[in-house]
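> Got a predicted model here, sequence first, then my questions.
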Amino acid sequence: MRLLTTIVASLALAGLVARGSAQDQSFREEPDSVAVRQGETVTLTCAIDNVAGIVQWTKDNFALGSDRELPGYPRFTITGDVNRGEYNLVVQDTLLEDDGTYQCQASPTETQQGIRSQNAQLTIYLPPDDPVIEEGSSVSVIAGQPKNVTCRADNGKPAATLTWWKDGQEITEGVTYITEDAGEKRKNGVSILTLNPSVDDHGKVLTCRSNNPAMDANKETTTQLNVEHTPVVVVQSNPPLVEEGSSVSLSCESRANPGEVRSSSGSRNDVNYQWKKDGVVLAGENGQVLRLNNVRREDNLQVFTCDATNAVGTNSANITLSVQYGPEPLKTTEQVIVDRGTSATLVCQWSGNPSPTIMWTKKGSSSVLGTGDTLTFPIVDQSHSGAYECTAVVPGSGEDSREVVLVVNGPPIISSFEVQYASSGAEGQIECLSSNSPPPSRMAWTWNGIMLDTGTEGRFTAEQRDVHGGRLSVLTVSKVQAADFADYNCTVWNRLGLTSKIITLRQKEPLPLAAIVGGAVAGLVLILVIVLLVFVFCHRRRKKQDGQETPPKEKVEIIHRDHEAAKDKVPPPPPQRKYYITADYDDRDYSSKTSLGAPPPWTPPGGTYQDYKNGNLYSNPYNNYSSYPAVSEHSYERASIASRASRASEAQKKPRMMTHV
């Protein structure tokens with residue numbers, strides 16, 4: 001019967017032309033495609049105006065029939081108001097077999113053509129099977145080596161969508177998704193994740209989630225990553241900064257998988273260690289701790305390596321030893337010689353740990369001129385000449401310093417007194433000292449139209465010699481006459497220029513008688529005062545000793561066993577006064593302040609005096625006070641020209657004063 005009905009309907013519609021060509025029959029409402037989950041009820045709508053032919057539904061071009069009850073299809077029903085032309089198809093408890101293409105049709109009549117609706121696709125959704133990770137609940141991988149992990153959810157309609165997650169974070173890279181035909185319109189969803197595991201992935205959880213339209217919620221499955229890797233090694237120093245001469249422990253900490261092997265007999269460490277120093281294996285040092293005793297500064301910056309090995313492979317870590325020690329000089333330019341007007345750089349390099357702080361000062365001054373390995377003067381003059389100190393300081397380890405001498409070449413500097421003295425009738429000498437760099441190429445005396453470098457001209461003889469601090473030219477006058485007390489010009493040349501200085505020779509003046517008598521009286525009074533003080537001191541001491549009582553039964557320390565001998569002791573004479581002389585010089589004008597000469601006027605005739613700088617003793621050449629030169633001139637005779645030149649040179653370095661002790 002069902003087959004017959006289908007044949008009749010097909011023949012009735014054989015003459016149909018294009019849809020909508022009917023003159024009077026027309027669709028007021030056509031069915032739309034729809035998708036539902038299996039088991040749900042679905043309605044496909046169909047409403048026709050001016051129905052003239054027979055109305056029926058087809059599925060996949062197969063007629064279902066025109067009876068509203070649709071015999072043979074118990075879950076299918078045509079519903080709606082016939083008078084209004086409503087022929088809705090209702091499918092209850094949908095099954096996968098209901099999935100297909102549906103169409104509403106009206107057959108032709110003698111006067112009207114047949115009509116058919118648009119195709120309506122009924123899609124039945126089926127949930128897939130639960131997702132499964134093929135590798136199981138644990139996946140073993142090796143760090144750095146790619147590994148594929150597969151998740152699948154079968155028999156879904158449509159195929160399940162699959163996503164990957166790692167510790168709550170979705171993975172979007174390295175994922176490949178494919179579908180497989182499972183039959184009966186079902187599909188298998190397959191997702192392949194290509195892992196490039198790292199050490200940090202060990203123990204993390206991979207999750208595969210599946211979903212399709214037939215599911216109310218996602219389903220998921222998980223697997224845990226077991227990432228095998230070579231040891232991750234960290235080397236530490238305790239303490240981090242080692243004081244020189246102390247001890248230090250280097251520890252090798254490793255994180256490895258496998259790192260510990262457990263068995264029925266217990267557990268053992270599956271990581272082996274080996275220490276190296278600067279790449280050389282330290283025999284016998286295969287523990288996690290390396291102990292170093294009495295470390296020296298030579299150990300600073302040495303590299304110690306710990307190799308850790310497990311079943312996967314070997315990994316290493318280094319540590320550079322840091323030894324704290326005080327400053328140690330590396331390179332110092334002891335002397336720098338430059339010309340005036342050029343630049344000068346002083347170098348002073350130090351090592352130390354921590355790195356030393358280097359400060360530059362000029363010797364005798366506390367003012368810091370600069371810091372660092374070098375001290376640079378862009379343009380120098382002769383005032384820059386002198387000794388400089390570079391001081392290196394390492395906090396907690398002390399400090400040290402080195403001296404660098406800067407010599408600035410310039411035109412000659414004459415370091416001689418502007419006024420010098422001689423006695424009439426005796427031999428006189430006039431000195432001219434050139435005391436800078438470079439050395440003079442020529443020194444000459446001129447006076448009364450005479451020029452003399454060296455040699456003799458009448459009663460005048462010029463001599464030159466190198467002395468400490470420069471070159472000395474001495475003009476000697478035999479049997480000094482009154483006309484010889486005049487001005488003498490000393491001129492000095494070197495490769496950078498010339499300098500001249502007028503030196504005046506004056507006659508020595510005798511010491512006034514009043515000064516001699518006054519000095520003698522003062523000396524006598526001083527002696528009497530000293531004797532009186534000594535007498536009073538001894539008397540009081542003897543009186544104090546005579547009045548002491550010794551307590552009974554107490555130990556008494558005896559200071560003088562022979563009291564009578566102590567009383568007869570005579571106090572020593574007062575120390576002989578010595579006189580020290582020097583001059584108030586500066587770096588540029590040696591002769592403009594005070595003349596060096598004979599002993600101070602208070603030195604007794606025939607006595608001695610001492611140069612404070614070189615410690616030489618000199619005799620007073622005057623036998624009586626009347627022969628002393630005038631006090632106002634402060635001119636003193638010295639024993640030798642050489643010692644005078646030496647003291648003049650030394651005087652340039654540090655101003656001094658005349659004193660007596």
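Structure's in. What do you need?
> Now that residue 380 has come up, it's in contact with residue 338, right?
Yes - applying Cβ atoms under 8 Å, one finds residue 380 in contact with residue 338, separated by 6.1 Å. To be clear about C-beta, it is placed using only N, CA and C from the backbone, and glycine gets the same treatment.
> In the stretch 351-500 of the chain, where is pLDDT below threshold?
Nowhere does the stretch 351-500 of the chain drop to pLDDT under 70.
> hang on, the earlier thing: more neighbours: which of residue 380 and residue 338?
A side-by-side neighbour count of residue 380 and residue 338, using other Cβ atoms under 10 Å, places residue 380 first with 22 against 18.
> check contacts around the more buried one.
By Cβ atoms under 8 Å, 6 or more residues apart in numbering, residue 380 lies in contact with 338, 340-344, 406, 408.
> Residue 152 touches residue 190, doesn't it?
Yes - counting by Cβ under 8 Å, residue 190 is a contact partner of residue 152 at 4.6 Å.
> Mind checking which of those two has more residues around it?
Comparing residue 152 with residue 190 by neighbour count (other Cβ under 10 Å), the higher total belongs to residue 152, at 22 against 19.
> partners of the host helix or strand of the more buried one in the sheet?
In this assignment (DSSP states H and E), residue 152 forms part of strand 147-156. Using DSSP bridges, the strands paired with strand 147-156 are strand 132-133 (antiparallel), strand 186-195 (antiparallel).
> list the buried ones in the last one?
Within strand 186-195, the residues that qualify as buried are 186-193, 195, counting by 16 or more other Cβ atoms under 10 Å.
> Now the residue positioned nearest the centre of the chain: phi and psi?
Residue closest to the mean C-alpha point of the chain, counted by Cα atoms, centre = their mean, is residue 355 at 9.9 Å. The phi and psi values for residue 355, taken as degrees, to the nearest 10, are phi -60, psi 130.
> Excluding residues flanking it in the chain, which one is nearest it?
In space, and not counting its chain neighbours, residue 355 is closest to residue 394: 8.0 Å by Cβ to Cβ, 6 or more residues apart in numbering.
> Give the bridge partners for that neighbour, please.
Bridge pairing for residue 394 (DSSP bridges) gives the partners residue 398.
> to the chain's geometric centre, what's the distance from stretch 45-63?
Centroid displacement of stretch 45-63 relative to its chain, using Cα atoms, centre = their mean, to the nearest Å, is 89 Å.
> What are the buried residues along it?
So for stretch 45-63, counting by 16+ other Cβ under 10 Å, buried means 45-48, 51-59, 63.
> thinking again about what came up before, tabulate the buried residues of strand 186-195 in a markdown table, adding columns for distance to residue 281.
Listed next are the buried residues of strand 186-195 as a markdown table, based on distance: Cβ to Cβ, whole Å:
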| residue | distance to residue 281 |
| --- | --- |
| 186 | 65 |
| 187 | 62 |
| 188 | 57 |
| 189 | 56 |
| 190 | 52 |
| 191 | 49 |
| 192 | 46 |
| 193 | 43 |
| 195 | 37 |
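> For residue 128, state which of these is nearest.
residue 189 (6.5 Å; Cβ to Cβ).
> All the strands of the stretch 401-550 of the chain, in order from the start?
419-422, 428-434, 442-447, 450-452, 455-457, 460-467, 470-477, 487-494, 497-507 (DSSP state E, counting those that start in this stretch).
> and the fifth one, how far from the chain's centre?
Using Cα atoms, centre = their mean, we find the averaged C-alpha position of strand 455-457 to lie 70 Å away from the chain's own average C-alpha position.
> in stretch 162-170, what's buried?
Going by neighbour count (16+ other Cβ under 10 Å), the buried part of stretch 162-170 is 162-164.
> In helices, which of those residues fall?
Judged by DSSP state H, helices contain none of those.
> before we move on, back to that, may I see the buried residues of strand 186-195 organised as JSON lines, with distance to residue 293 and pLDDT added?
Output for these, formatted as JSON lines (distance: Cβ to Cβ, whole Å; pLDDT from 0 to 100):
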{"residue": "186", "distance to residue 293": "76", "pLDDT": "95"}
{"residue": "187", "distance to residue 293": "73", "pLDDT": "95"}
{"residue": "188", "distance to residue 293": "69", "pLDDT": "96"}
{"residue": "189", "distance to residue 293": "67", "pLDDT": "96"}
{"residue": "190", "distance to residue 293": "64", "pLDDT": "97"}
{"residue": "191", "distance to residue 293": "60", "pLDDT": "97"}
{"residue": "192", "distance to residue 293": "58", "pLDDT": "97"}
{"residue": "193", "distance to residue 293": "54", "pLDDT": "97"}
{"residue": "195", "distance to residue 293": "48", "pLDDT": "94"}
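> related to what we said a few turns ago, just the contacts of residue 380 now: which is nearest residue 142?
Using Cβ to Cβ, the contacts of residue 380 come closest to residue 142 at residue 343, 63.9 Å.
> what about that closest one, how many neighbours?
Counted with other Cβ under 10 Å, residue 343 comes out at 10.
> Let me see the confidence value for it.
On the pLDDT scale, residue 343 is placed at 95.
> Can you show me the helices along the protein?
According to DSSP H, the helices that the chain contains are 2-12, 513-546, 563-567, 641-651.
> Let me have the contacts of residue 380 in TSV, extended by distance to residue 274.
Output for those, formatted as TSV (distance: Cβ to Cβ, whole Å):
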residue	distance to residue 274
338	57
340	64
341	64
342	59
343	55
344	54
406	55
408	61
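> which of the residues you listed sit farthest apart?
Taking Cβ to Cβ as the measure, these span a maximum distance of 14.2 Å, between 341 and 406.
> So these two - more neighbours on which side?
Comparing residue 341 with residue 406 by other Cβ under 10 Å, the one with more neighbours is residue 406, at 21 against 12.
> residues in contact with the nearest residue to the more buried one once chain neighbours are set aside?
Nearest residue to residue 406 in three dimensions, chain neighbours excluded: residue 336, at 5.2 Å (Cβ to Cβ, 6+ apart). Contact analysis of residue 336 by Cβ under 8 Å, 6+ apart lists 344-346, 404-407.
> repeat that for 7 Å
By Cβ atoms under 7 Å, 6 or more residues apart in numbering, residue 336 lies in contact with 344, 346, 404, 406.
> what does residue 159 give?
Going by Cβ under 7 Å, 6+ apart, residue 159 touches 179, 187-189.
> Any figure for the gap between the nearest residue to it once chain neighbours are set aside and residue 127?
Closest residue to residue 159 apart from its sequence neighbours, by Cβ to Cβ, 6+ apart: residue 187 at 3.4 Å. Here the distance between residue 187 and residue 127 works out to 12 Å (Cβ to Cβ, to the nearest Å).
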